[in-house]
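Participant: give me coordinates for this.
(one chain, ligands or ions: 2)
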Amino acid sequence: MRELRVLLMLAALISAGALACGIAAAQQLPALRQFTVVTTGPAEITLPFPHAPESPMLRDADRQWLPCELTYADGKATLVIPAEAGGRAVVLLERPEWLNLQDDAPPAVTGVSADAVGLEPVEGTADLGHLDAPPKVVAINLADKENPLDTGSLLVTLNGAPLSEEAGAYSVQKDDEAGKSLTLSVLLGDLPQDDYTLEVRITDASVDRWPVKLRVTFSTEPLVANGSFERAGDEKCPAKWSCGDWGSDAETKYEIARTEGGRTGDYCLMLHGRAGKLNVVCYQYVDLIGGQTYVLRGYHRGAAGGYASMISRAGGKDVQYLNMSRLPAVKDWTPFEWEFPVDEHESAMIVLRTTSKGQIYFDDVTLAAKE
Ligand SMILES: [Ca+2]
Ligand SMILES: [Ca+2]
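Facilitator: Ligands and ions are numbered 1, 2, ... in the order given. Okay, here's the model as predicted:
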């Protein structure tokens with residue numbers, strides 16, 4: 001054969017098995033046999049096929065479908081890719097009756113709900129925010145205008161780990177005879193306190209396999225995550241917190257650590273100012289509602305004083321920068337409580353901090369909307 005380079009061949013891209021799940025079980029559909037040919041000139045391809053393909057089609061680089069020249073002998077189909085196909089051709093040896101060749105659009109997410117409460121995804125993500133417990137059922141409606149959805153391509157993950165339909169983590173219900181619309185019901189059982197991303201990906205059964213992806217995010221962390229400091233993070237900073245200093249000079253020395261000796265559990269947070277200019281901070285972003293008043297509670301002890309701040313920002317500027325009154329040096333674990341109003345904002349953080357020499361320890365820090 002003349003100048004020929006077959007770079008990519010995806011034979012039997014959609015298997016018969018995958019289609020059997022994707023479309024009505026009672027309606028067994030033939031396999032879609034297709035592959036893509038990338039060639040620098042005309043090409044002739046011979047491949048085994050169980051019978052003479054009916055009405056083979058070829059899509060040229062301009063996405064126009066044309067009949068494909070093909071001969072069949074001795075269990076092999078030989079087809080010719082003309083130079084006019086333009087370098088990249090898709091060959092469809094047999095076109096199933098149901099297949100709509102004119103499909104230039106991915107499936108759509110037509111509905112999302114959590115425990116029957118409707119959600120409006122923004123740019124592919126529906127954010128449920130903070131929840132006391134995970135939703136029992138997340139239901140997602142998917143539809144493709146042109147072709148059936150390919151349930152064989154369905155991938156459902158929770159924080160990156162695939163969920164299993166066999167294990168009952170989700171179920172799929174076909175909402176029309178052709179399988180162009182589906183309802184996916186994801187069952188979320190008991191989950192430990194954490195931030196969660198449920199992700200769903202599926203393609204249509206078109207020649208191009210157009211994909212659609214949806215994320216549903218929620219957090220069952222308390223408003224202040226890991227306020228018990230029992231979970232380790234990177235280095236010495238506790239999980240969910242960020243640690244550092246917000247102002248130092250050449251003499252500054254400090255230590256921040258999740259250390260043993262918690263008021264409850266095994267661990268607490270230690271901020272230790274040692275020398276120089278000190279503004280030692282441990283902070284995390286919190287999901288607060290503007291117009292609401294919040295109460296920060298916790299326990300502290302140690303020879304250094306300290307305090308907490310709430311800083312909210314919008315449009316690149318501070319909206320509020322609130323500091324509680326200074327906590328004095330105390331020998332034993334002592335409760336503190338600080339109430340503050342929150343204005344409308346884009347982001348907000350809670351900061352535990354000290355500007356003093358010596359150690360201050362924090363434990364059992366919680367944040368709640370005022371009743
Ligand atoms: Ca489509
Ligand atoms: Ca603790």
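Participant: just read off the phi/psi values of Pro134.
Facilitator: Backbone dihedrals for Pro134, given as degrees, to the nearest 10, come out at phi -60, psi 150.
Participant: hang on, I meant Gly87
Facilitator: Backbone torsions for Gly87, taken as degrees, to the nearest 10, come to phi 100, psi -40.
Participant: against Thr39, how distant is it?
Facilitator: Separation of Gly87 from Thr39 (C-beta to C-beta, to the nearest Å) stands at 7 Å. In short, each C-beta sits where N, CA and C put it, glycine included.
Participant: neighbour count: those two, which is higher?
Facilitator: Set side by side, Gly87 and Thr39 show more neighbours around Thr39, with 21 against 13, by other C-beta atoms under 10 Å.
Participant: do whichever strand or helix holds Arg201 and ligand 1 meet at all?
Facilitator: Using DSSP states H and E, the secondary-structure element containing Arg201 is strand 195-204. Yes. Applying C-beta under 5 Å from the ion, one finds that strand 195-204 is in contact with ligand 1 at Asp204.
Participant: what lines up beside the helix or strand following that strand in the sheet?
Facilitator: The C-terminal neighbour of strand 195-204 among helices and strands, as given by DSSP H and E, is strand 211-219. In the sheet, strand 211-219 lines up against strand 125-130 (parallel), strand 195-204 (antiparallel) (DSSP bridges).
Participant: pick the most deeply packed of these.
Facilitator: Ranked by average neighbour count under the criterion mean count of other C-beta atoms under 10 Å, the strands paired with strand 211-219 are headed by strand 195-204 at a mean of 20.
Participant: the protein: helices as residue ranges?
Facilitator: If you assign secondary structure with DSSP state H, the helices in the chain sit at 16-22.
Participant: could you export the strand holding Arg201 as PDB, CA atoms only?
Facilitator: These are the backbone C-alpha positions of strand 195-204, laid out as PDB (Å, rounded to 0.1, in the frame of the first residue of the first chain):
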ATOM      1  CA  ASP A 195     -15.100  17.200  53.000                       C
ATOM      2  CA  TYR A 196     -16.700  15.200  50.200                       C
ATOM      3  CA  THR A 197     -16.800  15.300  46.400                       C
ATOM      4  CA  LEU A 198     -19.200  13.000  44.600                       C
ATOM      5  CA  GLU A 199     -18.300  12.900  40.900                       C
ATOM      6  CA  VAL A 200     -20.300  11.300  38.100                       C
ATOM      7  CA  ARG A 201     -19.100  10.900  34.600                       C
ATOM      8  CA  ILE A 202     -20.900   9.300  31.700                       C
ATOM      9  CA  THR A 203     -20.800   9.400  27.900                       C
ATOM     10  CA  ASP A 204     -23.500   9.100  25.300                       C
END
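Participant: just how off-centre is it within its chain?
Facilitator: On the basis of C-alpha atoms, centre = their mean, to the nearest Å, strand 195-204 is displaced by 7 Å from the centre of the chain it belongs to.
Participant: ok, now stretch 104-120?
Facilitator: Averaged over its C-alpha atoms, stretch 104-120 has a centre that lies 15 Å from its chain's centre (C-alpha atoms, centre = their mean).
Participant: next, the buried residues of that stretch.
Facilitator: For stretch 104-120, a neighbour-count test (16 or more other C-beta atoms under 10 Å) marks 106-107, 109, 112-114, 119 as buried.
Participant: ok, now how distant is the closest residue to ligand 1 within the stretch 201-350 of the chain from Asp332?
Facilitator: In the stretch 201-350 of the chain, the residue that lies nearest ligand 1 is Asp204 (4.0 Å; C-beta to the ion). Applying C-beta to C-beta, one obtains 65 Å for the distance of Asp204 from Asp332.
Participant: can you give me the strands in the stretch 1-150 of the chain?
Facilitator: Chain-ordered strands for the stretch 1-150 of the chain, with DSSP state E, counting those that start in this stretch as the definition, fall at 33-38, 43-48, 57-59, 65-67, 70-73, 76-81, 88-94, 108-114, 117-119, 125-130, 137-143, 149-158.
Participant: name every strand pairing with the longest one and say which way it goes.
Facilitator: It refers to strand 149-158. By DSSP bridges, strand 149-158 pairs with strand 161-162 (antiparallel), strand 195-204 (antiparallel).
Participant: now the residue in the chain that ligand 2 sits nearest to. Nearest residue, chain neighbours left out?
Facilitator: The minimum distance from the chain to ligand 2, using C-beta to the ion, falls at Gly262 (3.1 Å). Taking C-beta to C-beta, 6 or more residues apart in numbering, and ignoring the residues beside it in sequence, Gly262 has Cys268 as its nearest neighbour in space, at 4.1 Å.
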